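In: Turn this into a model:
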Amino acid sequence: MKDIHVLLLSYSSSNSLKQTLTSLNFIRDRIKDVTVVEEYNVPLRLSIPSINQEIKYMKLIGEDLGVSLNEYVHNLPCEYVLFLYDQAYFNSNIKDTKLELYGNHYVMTYPYIIKGLVIQRPLLVKTSFLKQINFFSKYQVPFKEAVLPSWLSRVNKSNIIVVRGDFVSQTVKNTSKYIIQKLNFIEKYQYESESDENSPSISVLLANHNMADYVGIAINSCLLQSNPPEKILIIDDGSTDNSCKELEKWRELPVVKLFKQDNKGKAKALNKLIPYIETEFVVELDADDWFDPDAFSTIKKHLKNLPDDVGVLYGNLRNWVQESPYTIKYKGIRKGRPITNKNELLSYLFPVGPRIYRTSALKDNNGFSIIKFEDGRMYEDVSILNDLLKNKRLLYEDFTVYNVRAHEFSITKKNHPNWSDFLNYLD
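Out: Below is the predicted model:
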């Protein structure tokens, strides 16, 4: 019975695609259609006569894999969709693998193992189930490779059957640090949900100004957590792009509280959120950055025994560069270092982050400092840390859960106010 529609994703060379198409002969009695998802500007149009069918080709809608898959899958009549990925092909062991899903099992996965990482990849999915849970768009996950893993993270474990992967071979495995960092991030989608009644509570503060292309990724990174935050407080600071429309998509979630104001700068925007913080701690998230999927689990472990005299906990930053609208490259980790006084703060390679504030310390300071320099619109992080240092400690711990995106619209790229002028206003 021909009940499987095969989708081939991310194939970047004709040779690897040809090998994969040939390997489909092992299950040709089950295959109704084969579609190659064209994600690269590479001529990959091939035909393998032994499959006895024409290969279909699907171009991405707006360079968006998630949106394209949602649209395409919606019209598929087959009972199953089978996914294979760049360089992957079947070997003869597939003949001994039962490609069937029964009862409450709607998804079959197999392990992709590379450099000690084990990534569960969707292999066979019931089409009816696939239509119930949409894939995230490019405006909701940080890179294309996260589209299927983030989808899988939302599937109840009881609906997944995991099989051995000895029936899938790999032509070549890309082990560049750029790819490994992405896979390291993706692996964290698989972490088991955690809850500890004794863990301190934490919220997120997010001020957005004209980051419509990125703010959905920031918000979604707070939701796709093994231990989500108690509340996500978001304010739009007078955006003139499509930000408000993007933010409205998240309004109905109970964990999200949404505000907006005319453009007054980040410090004033964040201060509008402070009266709504009800948790012991709060972490600041820039609208163009994002968290690892285990960020809040990691942060809460560091907060659990935090000394009372610590006003801010911070760690390391993982840096990325947005090279084009669809390409982001890993640039390395910026390790933090201890800050014990004003001089060490001012000599720090900014930004200090991620910044997890003790809520009481933030409120005792009457929120973020608004100094006369640029009406408090720049270096607001330095101003508040300088104020908090007068009564509290800043504590560095060696952990990395926060991702910083550099791009052409970054505030630091658009504004270059004189640092020495700022220092003249700093108390």
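
In: what helices or strands is the host helix or strand of residue 71 leaning on?
Out: Residue 71 belongs to helix 65-74 when assigned by DSSP states H and E. Packing partners of helix 65-74 (3 or more C-beta pairs under 8 Å, 6 or more residues apart in numbering; DSSP states H and E): strand 4-9, strand 31-38, strand 56-59, helix 147-153. Yep, even glycine has a C-beta here, placed from its N, CA and C like the rest.

In: Please tabulate these in TSV, including the columns mean neighbour count, distance to residue 231 and mean pLDDT.
Out: Shown next, in TSV, are the helices and strands packed on helix 65-74 (neighbours: other C-beta atoms under 10 Å; distance: least, C-beta to C-beta, whole Å; pLDDT from 0 to 100):
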stretch	mean neighbour count	distance to residue 231	mean pLDDT
strand 4-9	22	36	96
strand 31-38	19	38	92
strand 56-59	13	40	90
helix 147-153	22	21	97
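
In: Throw those into JSON lines and include distance to residue 390, thanks.
Out: JSON lines is the format used below for those (distance: least, C-beta to C-beta, whole Å):
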{"stretch": "strand 4-9", "distance to residue 390": "54"}
{"stretch": "strand 31-38", "distance to residue 390": "56"}
{"stretch": "strand 56-59", "distance to residue 390": "58"}
{"stretch": "helix 147-153", "distance to residue 390": "42"}
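
In: Spit out the contact partners of residue 166.
Out: 91, 93 (C-beta atoms under 8 Å, 6 or more residues apart in numbering).

In: ah, wrong one, I meant residue 241
Out: Taking C-beta under 8 Å, 6+ apart as the test, what residue 241 contacts is 210-212.

In: Flag every buried residue along stretch 162-175.
Out: 165, 167-170 (16 or more other C-beta atoms under 10 Å).

In: Restricted to helices, list those.
Out: Counting by DSSP state H, no part of the buried residues of stretch 162-175 is found in helices.

In: Show me where the stretch 301-427 of the chain dips below the pLDDT cut-off.
Out: The model of the stretch 301-427 of the chain has pLDDT under 70 over residues 376, 411-417.

In: residue boundaries of the helices in it?
Out: Using DSSP state H, counting those that start in this stretch, the helices assigned to the stretch 301-427 of the chain run over residues 342-346, 359-364, 380-388, 411-414, 419-425.

In: of all the contacts of residue 241, which comes closest to residue 19?
Out: Residue 19 has its nearest neighbour among the contacts of residue 241 in residue 212, at 40.9 Å by C-beta to C-beta.

In: Just the pLDDT for the closest one.
Out: On the pLDDT scale, residue 212 is placed at 96.

In: Also residue 15?
Out: 85.

In: residues near it, how many?
Out: Applying other C-beta atoms under 10 Å, we find 12 residues neighbouring residue 15.

In: contacting residues around it?
Out: Residues near residue 15 by C-beta under 8 Å, 6+ apart: residue 171.

In: For it, identify the helix or strand it belongs to.
Out: helix 14-23.

In: how about that helix as PDB, C-alpha atoms only?
Out: Extracted in PDB, the C-alpha atoms of helix 14-23 (Å, rounded to 0.1, in the frame of the first residue of the first chain):
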ATOM      1  CA  SER A  14      23.100  16.600  -6.200                       C
ATOM      2  CA  ASN A  15      25.300  13.600  -5.200                       C
ATOM      3  CA  SER A  16      23.800  13.200  -1.700                       C
ATOM      4  CA  LEU A  17      20.300  13.800  -3.000                       C
ATOM      5  CA  LYS A  18      20.800  11.100  -5.700                       C
ATOM      6  CA  GLN A  19      22.000   8.600  -3.100                       C
ATOM      7  CA  THR A  20      19.000   9.300  -0.900                       C
ATOM      8  CA  LEU A  21      16.600   9.000  -3.800                       C
ATOM      9  CA  THR A  22      18.200   5.700  -4.800                       C
ATOM     10  CA  SER A  23      17.900   4.400  -1.200                       C
END
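
In: Buried residues, it. List them.
Out: In terms of neighbour count (16+ other C-beta under 10 Å), helix 14-23 has its buried residues at 16-21, 23.

In: Out of these, the closest to residue 392 would be?
Out: residue 16 (55.6 Å).

In: Surely the closest one and residue 87 touch.
Out: Yes. If you go by C-beta atoms under 8 Å, residue 16 and residue 87 touch, sitting 5.1 Å apart.

In: overlap in contacts of the two?
Out: 171-172.

In: can you pull up the bridge partners for the closest residue to residue 278 other than its chain neighbours?
Out: Residue nearest to residue 278 in three dimensions, not counting chain neighbours: residue 231, with 6.9 Å by C-beta to C-beta, 6 or more residues apart in numbering. Counting by DSSP bridges, residue 231 forms beta bridges with residue 203.

In: and what of residue 358?
Out: According to DSSP bridges, the partner residues bridging residue 358 are residue 281.

In: what's the distance between residue 382 and residue 153?
Out: According to C-beta to C-beta, to the nearest Å, residue 382 stands 36 Å off from residue 153.

In: one step back: and which of the buried residues of helix 14-23 is nearest residue 316?
Out: Ranked by distance to residue 316 (C-beta to C-beta), these are led by residue 16 at 35.9 Å.

In: List the residues that contact the closest one.
Out: Here residue 16 is in contact with 86-87, 89, 171-172 (C-beta under 8 Å, 6+ apart).

In: Can you say which of the helices of the stretch 301-427 of the chain is nearest to residue 402?
Out: Counting by C-beta to C-beta, residue 402 lies closest to helix 380-388 out of the helices of the stretch 301-427 of the chain; the figure is 13.1 Å.

In: in that closest one, what's buried?
Out: For helix 380-388, burial by neighbour count (16+ other C-beta under 10 Å) applies to 380-388.

In: how many neighbours does the spatially closest residue to residue 265 that is not a sequence neighbour have?
Out: In this structure, residue 265 finds its nearest non-sequential neighbour in residue 377, 3.6 Å apart by C-beta to C-beta, 6+ apart. Neighbours of residue 377 under the rule other C-beta under 10 Å: 19.
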